[in-house]
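J.: let's see this in three dimensions:
(chains A, B, C and D)
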Number of protein chains: 2
Amino acid sequence: MQDLLFDFISKYISLTDEEKNAILSLDIFRSVKKGTILLKEGQKSKDSYFVLKGCIRTYYVVDSEEKTTAFYTEMDALTPPCVVTQTPSEYYISCVEDSILTVSNSGMEVEVNSKFPKFDTMCKMLSEELLAKQRIDFDAFKTSTPEQRYMNLIEKRPDLIQRVPQYQLASYLGIKPESLSRLRARITQKK
Amino acid sequence: MQDLLFDFISKYISLTDEEKNAILSLDIFRSVKKGTILLKEGQKSKDSYFVLKGCIRTYYVVDSEEKTTAFYTEMDALTPPCVVTQTPSEYYISCVEDSILTVSNSGMEVEVNSKFPKFDTMCKMLSEELLAKQRIDFDAFKTSTPEQRYMNLIEKRPDLIQRVPQYQLASYLGIKPESLSRLRARITQKK
DNA sequence: TTCATTTCTTAACTTAAGTGAACGAGGTGT
DNA sequence: ACACCTCGTTCACTTAAGTTAAGAAATGAA
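T.: Presented below is the predicted three-dimensional model:
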């Protein structure tokens, strides 16, 4: 399981065995059950996550209704905005499936970064890459209809449609579950 | 005008006079006329922008129709995704108003970063902050209606409504100009 | 200023999403 | 087996956005 993490890191920087051991000694691997809530609205947190296996989601509760805004699956990294801004969280994070994650707090990051400066370089590369990716996603969302967004999802992340409940997918697409249901019926009709 | 840039930088790191001079010697300040196109679809580019004064926008052309996805105004930084991914640009960048920008290419960044490592630290902080901010914006967009998005815009960036044409605002809000017109009429009605 | 072009608004009509309600399938726990 | 609950689908109805077209207002250039 560690190898998944090191393979990921190796796309950005190369690590010596010493550095790998330093990371392993931090004891950051966590196994979490489906349904576990990792972060609640209003909580403060310094934890960042990296998904080795499984799926976690972020959602807001508005008028006692869940609004799912993102899914993080294998090899996805998540640093909640509240960690960056040092304010209480606006949203929840919960496990969609039984998952294996790494959980690292910002204190650990500072420590590792001061020992191994190239770690800082990786963080910079990673966040620049994620910023660009997220920009592309946001733009695609803005410029397309719910139906196009769904088609795009089938193309880009077909696994999500299988592993995630419809009502969570619906708000991820910016619509209500009933609309997603109709939209799906419309599409199968066309074919 | 330089002071605006240095004030911005001072929020992240402190610069010596030597460092400031190194930046100034790069000759990165540019004055651009309204309507100037800074980047075209299909072009490759290594340029990042920082807006000192004025406003620039990014837009896609889909079915010969402009789809504006973002506005960058005073103290906003923009590194186009194509610079990060090293692929041809998917979108255009153009000047909404006569503007003063800094334009820096990734080569210059590498050079400055190797001389002054703390510059790297700033880039990391900045992109992490922007990633978090953009995540918040994206989530707010997904979880709200066009009308709520417009109200949110009045609240958060009232200047945009004054300085940007309606048809550009419309696609920024994910709707057609006619819908924005109706939506506005609906709101003034209510009051 | 005048003319031409672009931008914004209005209107009528079409299409799709929101809403409220009902139903059935599948799962859970007792 | 039973009741219970969640989830997905369907329906009828409402509301708002997309579309097409026309005209008014603003802008910019000659």
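
J.: residues of chain A that sit close to DNA strand D?
T.: For chain A, the contact set with DNA strand D under CB under 7 Å from any atom of the strand comprises A:145, A:165, A:166, A:167, A:177, A:178, A:180, A:181, A:182, A:184, A:185. To be clear about C-beta, it is placed using only N, CA and C from the backbone, and glycine gets the same treatment.

J.: may I ask which of these has the most neighbours?
T.: Per-residue neighbour counts (other CB atoms under 10 Å in any protein chain shown) across the residues of chain A next to DNA strand D peak at residue A:180, which has 20 neighbours.

J.: tell me which element that residue falls in.
T.: Using DSSP states H and E, residue A:180 sits in helix A:177-190.

J.: what helices or strands is that helix leaning on?
T.: helix A:146-156, helix A:166-172 (3 or more CB pairs under 8 Å, 6 or more residues apart in numbering or on different chains; DSSP states H and E).

J.: what's the most buried one of these?
T.: helix A:166-172 (a mean of 19; mean count of other CB atoms under 10 Å in any protein chain shown).

J.: top helix in chain A by residue count?
T.: For chain A, the longest helix by residue count, based on DSSP state H, is helix A:118-142.

J.: residues contacting that one, please?
T.: Residues from elsewhere that reach helix A:118-142 (CB atoms under 8 Å, 6 or more residues apart in numbering or on different chains): A:9, A:12-13, A:77, A:109, A:112-113, A:149, A:152, A:174, B:58, B:60, B:67, B:69-70, B:79, B:81, B:84-85, B:90-91, B:120-121, B:123-124, B:127-128, B:130-131, B:134-135, B:137-138, B:141-142, B:171-172, B:174.

J.: distance between it and the chain's centre?
T.: 12 Å (CA atoms, centre = their mean, to the nearest Å).

J.: list the buried ones in that helix?
T.: With burial defined by 16 or more other CB atoms under 10 Å in any protein chain shown, the residues of helix A:118-142 counted as buried are A:119-132, A:134-136, A:138-142.

J.: which elements pack onto the host helix or strand of residue A:6?
T.: Applying DSSP H and E as the criterion places residue A:6 in helix A:2-10. Contacts defined by 3+ CB pairs under 8 Å, 6+ apart place helix A:2-10 against helix A:17-24, strand A:47-53.

J.: so of those, which one's packed in deepest?
T.: strand A:47-53 (a mean of 20).

J.: could you check the angle it makes with helix A:118-142?
T.: 80 degrees (axes from the mean of the first three to the mean of the last three CA atoms, to 10 degrees).

J.: show me what secondary structure element comes after strand A:47-53.
T.: Next along from strand A:47-53, by DSSP H and E: strand A:56-62.

J.: what lines up beside that following strand in the sheet?
T.: strand A:65-72 (antiparallel), strand A:92-95 (antiparallel) (DSSP bridges).

J.: list the buried residues for that strand?
T.: A:56, A:57, A:58, A:59, A:60.

J.: verify the contact between the last one and residue A:91 for me.
T.: Spelled out, that is residue A:60. Yes. Judged on CB atoms under 8 Å, residue A:60 makes contact with residue A:91 at a distance of 4.8 Å.

J.: overlap in contacts of those two?
T.: With CB under 8 Å, 6+ apart as the test, residue A:60 and residue A:91 both reach A:41, A:69, B:139.

J.: as TSV, those with distance to DNA strand C would be great.
T.: TSV is the format used below for those (distance: CB to the nearest atom of the strand, whole Å):
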residue	distance to DNA strand C
A:41	21
A:69	14
B:139	15
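
J.: contacting residues around the residue nearest to residue A:55 when sequence neighbours are not counted?
T.: The shortest distance from residue A:55 to any non-neighbouring residue, by CB to CB, 6 or more residues apart in numbering or on different chains, is to residue A:96 (4.1 Å). The neighbours of residue A:96, taking CB under 8 Å, 6+ apart as the test, are A:34, A:54, A:55, A:56, A:57, A:71, A:163, A:164, A:168.

J.: need the contact list for the most centrally placed residue in chain A.
T.: Geometric centre of chain A, nearest residue: residue A:72, 2.9 Å, by CA atoms, centre = their mean. With contact taken as CB under 8 Å, 6+ apart, residue A:72 is in contact with A:49, A:51, A:55, A:56, A:57, A:58, A:78.

J.: cool, residue A:71 as well?
T.: So residue A:71 contacts A:55, A:56, A:57, A:96, A:157, A:160, A:164, A:168, A:172 (CB under 8 Å, 6+ apart).

J.: any stretches of chain A with poor pLDDT?
T.: A:190-191 (pLDDT under 70).

J.: is DNA strand C contacted by stretch A:170-182?
T.: Yes. Using CB under 7 Å from any atom of the strand, stretch A:170-182 reaches DNA strand C at A:174, A:175, A:176, A:178, A:179, A:182.

J.: which one of these is nearest residue B:102?
T.: residue A:174 (35.2 Å; CB to CB).

J.: correct me if wrong, but that closest one is in a strand.
T.: No. Counting by DSSP: H, G, I helix; E, B strand; the rest coil, residue A:174 falls outside a strand, being coil.

J.: that one against residue A:150, yeah?
T.: No. Contact between residue A:174 and residue A:150 fails when scored by CB under 8 Å: they sit 10.4 Å apart.

J.: and residue A:127, how far from residue B:160?
T.: 26 Å (CB to CB, to the nearest Å).

J.: wait, which of the helices and strands packed on helix A:177-190 is closest to residue A:101?
T.: Of all these, helix A:166-172 comes closest under CB to CB, at 18.7 Å.

J.: quick check, nearest of the contacts of residue A:71 to residue B:105?
T.: For these, the nearest to residue B:105 is residue A:157 (33.3 Å; CB to CB).

J.: OK, contacts around that closest one?
T.: Taking CB under 8 Å, 6+ apart as the test, what residue A:157 contacts is A:71, A:73.
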